[in-house]
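Participant: Sequence first, then the predicted structure:
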Amino acid sequence: MSEQILTRALSSDKRELKAKESLEKARLAHERYLIRQHHGDLEEAIENYIEAVKLDPSLPETYYRLASLMWEQGQISVDTAIEQCKTAISLAPKNMNAHLYTGFFMKLAQDYKAAESEFKEAIKANRLKSARPRLVLSQTLLQKINSNNGSVGDYLNFLYYFLSGSLMLAWDKPSMKMFYKNLSDDFSVFTYNTVGKFMETFKMYPAAENIYKKAVMDTNHSEIFYNKMGDLALKNNELELTVDCYRKVLEANSLNREVLIKLATVLQTYFPENTDEAIDCYEKLLQFDIDSAQIYYELGHLYLRKEDKINSVSAFKLALERDPENPFYNNSLAYAYSKADLYDDAIEHYKKAIAINPDAEWTSIVCHALGALYAEVKGNIEAAVSTYQAGIILDPNNYDLYLALGDVHMAEYDLDSAIRAYCDAITLNPDNYRAYSKAGIALWEKDYVEEALVSYHKAIELNPVNEFAHNNLGIIYLDGLGDAEEALEYFEQAIELNPSYTLAYFNAGRASQIMGFINDAANYYQMAIDLNKITHDLDEDDVRNRLHKLFDV
């Protein structure tokens, strides 16, 4: 038994020794890569770090150094690099470099607060030799000031860590030289940033843009200044330039979360033809695992724009998984289901959105959508009427709901209820022509000829280019009052407004026939026959019979 223990101990010692050898090889290759930037040195360093981890998983150094190289090679994301560095911290909580590397990646993720915390932990881990973390922290604070309008406290902290770090670094000339080179660049950023903001404050936009362009050329921070140029272009409604600048930011840093959001929003709002690029931006944002529900919600709308029903439903469902009580997500999923002809699922989610009722006015609009499903798809008129009435109770000023309620009553030929609903809409908004047009139809069907005339005349007064109102008013004059001459004027006006209006040609033919204008009637009937082959609005045999009778002796 003792021999087995001794063998395992020797084997363990051997593995630790090999792990240290691999770690040393990795360090040397890493140093060569930093000096020569040869890709072969990078691969050798990664290979040996991985070997060291396999041989001895308790070596903290392998995790944060491997994270930095794999991230640089594009093999892992910033979030994964942070997790690897946190593994190193869990193995050695007082390891200054583990905290330093973790802070570095958090800074890349633009989580400045967390980065500051890690740099402060690095300082605590070795206060007497904390020059590097102090200076890196001061540099981070300066970058925060440059990009996020830092507070007075940030300025004071920057000065404190910069001065204390500089004193401690005085004897470390190589590190000091490298740091001051970086710091000089950051001060250049600070200068350009300050001057540019000054120009913007006084609305000297062309001058500010030139400052930012010069900063792109003179500093190593094109990402910051292309971002500012994009914001400035958006303020001036130069949308093409905005998109171009944001794209350049992402060329420098494809995981700049702030700019991914900006670019996705601009593309989604102003460039519907660039839907695929907007989708790509949102998919990259999912890597940050922040506001995932909202991102899936936006993706769902973009897929709807592409008429990609399956992906739109999936995206809205993923949004709801993360926030199941969100009424807007339920409403959008219901709409996506209805587009995919999954009506029962749509009704379920519309009901849930209505039950949550975040806002009476918004919820009344959802009632309109649900009522339409009941009426047009399910044929459940009672449910449709109840839903529309519920929407009107929620928002008595919803004009469209009164029209929808009138329409569903008209479909059931409940003319009194239809007229009442349309009149309620007119009372609510007497300057909107639509209720007058719809009321005119119901009144005509009810044989209230004079009232129908008044309603259609008002509809045309409010909207003179409404060809349907002209045609229907002509029908009332022709069939209700027997005034073919007056009727023909309205039919001809409808045709002028819409040269493809089949019914108007047919009615103009009827009016012309009554007035004895045989050739005109024949031409109108023939046009109606030709157009009907496309529109299928009329019984073609009936029109042909009318045409032939014109010439019967």
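Facilitator: Done, it's in. Numbers count the residues shown, from 1 in each chain.
Participant: where along the stretch 151-300 of the chain do the helices fall?
Facilitator: Listed in chain order, the helices of the stretch 151-300 of the chain (DSSP state H, counting those that start in this stretch) span 152-168, 173-201, 205-218, 222-235, 239-252, 257-270, 275-285, 292-305.
Participant: got it, and the stretch 1-150 of the chain?
Facilitator: Per DSSP H, counting those that start in this stretch, the stretch 1-150 of the chain has helices spanning 2-36, 39-55, 60-72, 78-91, 96-108, 112-125, 131-148. These are given in chain order.
Participant: what does the fourth one rub up against?
Facilitator: With contacts defined as C-beta atoms under 8 Å, 6 or more residues apart in numbering, helix 78-91 is touched by 58-61, 63-64, 66-68, 70-71, 76, 95, 98-99, 101-102, 105-106, 108-109, 255, 287-289. Yep, even glycine has a C-beta here, placed from its N, CA and C like the rest.
Participant: Look up how far Glu283 lies from the residue positioned nearest the centre of the chain.
Facilitator: For the chain, Glu298 is the residue whose C-alpha lies nearest the centre (C-alpha atoms, centre = their mean; 3.9 Å). Relative to Glu283, Glu298 is positioned 11 Å away (C-beta to C-beta, to the nearest Å).
Participant: ok so, going back, just send the helices of the stretch 151-300 of the chain back as JSON lines, with mean pLDDT and distance to Gln389 too.
Facilitator: Shown next, in JSON lines, are the helices of the stretch 151-300 of the chain (pLDDT from 0 to 100; distance: least, C-beta to C-beta, whole Å):
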{"stretch": "helix 152-168", "mean pLDDT": "79", "distance to Gln389": "58"}
{"stretch": "helix 173-201", "mean pLDDT": "69", "distance to Gln389": "53"}
{"stretch": "helix 205-218", "mean pLDDT": "90", "distance to Gln389": "53"}
{"stretch": "helix 222-235", "mean pLDDT": "92", "distance to Gln389": "44"}
{"stretch": "helix 239-252", "mean pLDDT": "93", "distance to Gln389": "44"}
{"stretch": "helix 257-270", "mean pLDDT": "95", "distance to Gln389": "36"}
{"stretch": "helix 275-285", "mean pLDDT": "95", "distance to Gln389": "38"}
{"stretch": "helix 292-305", "mean pLDDT": "96", "distance to Gln389": "29"}
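Participant: And these: which comes nearest Arg434?
Facilitator: Nearest to Arg434 among the helices of the stretch 151-300 of the chain is helix 292-305; the distance by C-beta to C-beta comes to 26.5 Å.
Participant: So what touches that closest one?
Facilitator: 264, 268, 272, 275, 278-279, 282-283, 285-286, 309, 311-313, 315-316, 318-320, 322-323, 326, 328-329, 332-333, 335-336, 339.
Participant: go on, stretch 520-537?
Facilitator: So stretch 520-537 is contacted by 500-503, 505-506, 508-510, 512-513, 538, 540, 543-544, 546-547, 550-551 (C-beta under 8 Å, 6+ apart).
Participant: Put the alpha carbons of that stretch into CSV.
Facilitator: Provided in CSV are the C-alpha atoms of stretch 520-537 (Å, rounded to 0.1, in the frame of the first residue of the first chain):
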residue,chain,number,x,y,z
ASP,A,520,-70.7,56.1,-74.2
ALA,A,521,-72.6,53.3,-72.3
ALA,A,522,-71.1,50.7,-74.6
ASN,A,523,-67.6,52.0,-74.0
TYR,A,524,-68.1,52.0,-70.2
TYR,A,525,-69.5,48.5,-70.2
GLN,A,526,-66.6,47.2,-72.4
MET,A,527,-64.1,48.8,-70.0
ALA,A,528,-65.9,47.2,-67.1
ILE,A,529,-65.7,43.8,-68.8
ASP,A,530,-62.0,44.2,-69.6
LEU,A,531,-61.1,45.3,-66.0
ASN,A,532,-63.3,42.6,-64.5
LYS,A,533,-61.0,39.9,-65.9
ILE,A,534,-58.5,41.2,-63.3
THR,A,535,-60.7,42.4,-60.4
HIS,A,536,-63.6,39.9,-60.6
ASP,A,537,-66.0,42.5,-59.1
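Participant: picking up where we left off before, between Glu298 and Glu283, which contacts overlap?
Facilitator: In contact with both Glu298 and Glu283: no residue, using C-beta under 8 Å, 6+ apart.
Participant: if we can go back for a sec, in PyMOL, how would I pick out whichever of the contacts of helix 292-305 are buried, leaving the exposed ones unselected?
Facilitator: Command for PyMOL that selects the buried part of the contacts of helix 292-305, burial taken from 16 or more other C-beta atoms under 10 Å:
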select buried, resi 264+268+275+278+279+282+285+309+311+312+313+315+316+318+319+320+326+328+329+332+333+335+336
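Participant: show me what contacts the nearest residue to Asn330 once chain neighbours are set aside?
Facilitator: Nearest non-adjacent residue to Asn330, counting by C-beta to C-beta, 6 or more residues apart in numbering: Ala353, 4.1 Å away. Listed by C-beta under 8 Å, 6+ apart, the contact set of Ala353 reads 327-328, 330-331, 334, 363, 366.
Participant: 6 Å - rerun?
Facilitator: Ala353 is in contact with 327, 330-331, 366, counting by C-beta atoms under 6 Å, 6 or more residues apart in numbering.
Participant: Please apply the same query to Glu451.
Facilitator: For Glu451, the contacting residues are Leu443, by C-beta under 6 Å, 6+ apart.
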